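1. task: produce atomic coordinates for the following.
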Amino acid sequence: MKVTIARIYLHESANAHEKVLHYLHDDAKVRGATLFRGISGFGRSGEVHTSSLLSLSLDLPVVIEFYDSSERVAEVVAQILTMVDPSHVLTFDATAHDASNGDA
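-> A predicted model of the protein is given here:
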């Protein structure tokens, strides 16, 4: 089954990830979503966000990834673009291997 995957790159301190994840689960009800917490990363500013054993940073990079049909992802991304910096949102096509459809 053809799907579209969307990735949203954020950082913890902005708390936007909580709003986006809540929207994906409760309102958009997409097929699946995951939030990944990075151990290090940097963006356009060049500032490096990192964690170490000595400090528990609350400003680490986070990535929210979700997928659904191409049409559904387009609708959901349009709403997410009102919540976050549009340059932090990527989409790409993929194939979901669904055993009930013989795709396994």
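2. tell me the pLDDT of the residue sitting nearest the centre point of the chain.
-> Closest to where the C-alpha atoms of the chain average out (C-alpha atoms, centre = their mean) is I64, at 2.0 Å. Note on I64: pLDDT of 96.
3. quick check, it in a helix?
-> No: going by DSSP: H, G, I helix; E, B strand; the rest coil, the assignment for I64 is strand, not a helix.
4. would you mind measuring from it to V84?
-> Distance, I64 to V84, using C-beta to C-beta, to the nearest Å: 9 Å. (Glycine included, C-beta is placed from N, CA and C.)
5. who touches both of these two?
-> Shared contacts of I64 and V84, defined by C-beta atoms under 8 Å, 6 or more residues apart in numbering, comprise 8, 10, 20.
6. and M1, how many neighbours?
-> 12 (other C-beta atoms under 10 Å).
7. tell me the contacts of E65?
-> Applying C-beta under 8 Å, 6+ apart to E65 gives the contacts 5-8, 33-34, 36.
8. how about a cut-off of 10 Å?
-> 5-8, 32-36, 90 (C-beta atoms under 10 Å, 6 or more residues apart in numbering).
9. what is the lowest-pLDDT residue among those residues?
-> G32 (86).
10. helix/strand/coil for the closest residue to that residue other than its chain neighbours?
-> Distances taken as C-beta to C-beta, 6 or more residues apart in numbering put Y67 closest to G32, at 5.9 Å, once the chain neighbours are dropped. Under the three-state scheme (three-state DSSP), Y67 adopts strand.
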